[in-house]
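Participant: could you look at this predicted model? Sequence included:
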Amino acid sequence: MSKDAPEAQPAEQISYEDAREELIDVVRRLEAGGTTLEESLALWERGEQLAKTCQAWLDGARQRLDAAIETDERQR
């Protein structure tokens, strides 16, 4: 992502770790201030996309874990 505006690949196409790291950077930049309203809005929108991506990854991981636990319990 450049210093001026978000220009990364689509949030839904990146790994959880990359989305999380970029989200941390977005939050830091928003908290630091010094950006224009337009830049702040673009950062906010990117942050929302990244947060949804992270949540989707976590939801998927939870489903896989639940399925594995259920399978293990049925095999006992």
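Facilitator: Perfect, thanks for sending it. Residues are numbered from 1 along each chain as shown.

Participant: phi, psi for Gly33 please.
Facilitator: Taking degrees, to the nearest 10, you get phi 70, psi -160 for the backbone angles of Gly33.

Participant: Val26: neighbouring residues, count only.
Facilitator: By the criterion of other CB atoms under 10 Å, Val26 has 23 neighbours. From N, CA and C alone the C-beta is placed, and that goes for glycine too.

Participant: check which helix or strand covers the residue nearest to it when sequence neighbours are not counted.
Facilitator: Leaving aside its chain neighbours, Val26 sits nearest to Gly47 (4.3 Å; criterion: CB to CB, 6 or more residues apart in numbering). Taking DSSP states H and E as the criterion, Gly47 maps to helix 37-74.

Participant: just to check, the residue nearest to Val26 is in contact with Leu23?
Facilitator: Yes - at 5.9 Å, Gly47 counts as touching Leu23 under the criterion of CB atoms under 8 Å.

Participant: quick one, what contacts Gln49?
Facilitator: Applying CB atoms under 8 Å, 6 or more residues apart in numbering, we find Gln49 in contact with 10-12.

Participant: apply 7 Å and report the result again.
Facilitator: Listed by CB atoms under 7 Å, 6 or more residues apart in numbering, the contact partners of Gln49 are Ala11.

Participant: gap between it and Leu43?
Facilitator: 11 Å (CB to CB, to the nearest Å).

Participant: residues of the helix or strand hosting Ile24 that come out buried?
Facilitator: Assigned by DSSP H and E, Ile24 falls within helix 16-32. Neighbour-count burial for helix 16-32 flags 19-20, 22-23, 25-26, 29 (criterion: 16 or more other CB atoms under 10 Å).

Participant: any regions of the protein where pLDDT drops low?
Facilitator: Filtered on pLDDT under 70, the chain yields the residue ranges 1-7.

Participant: ignoring the adjacent residues along the chain, who's closest to the spatially most central residue of it?
Facilitator: Central residue of the chain (CA atoms, centre = their mean): Leu50, 3.0 Å from the mean position. Spatial nearest neighbour of Leu50, excluding adjacent residues (CB to CB, 6+ apart): Leu23 at 4.1 Å.
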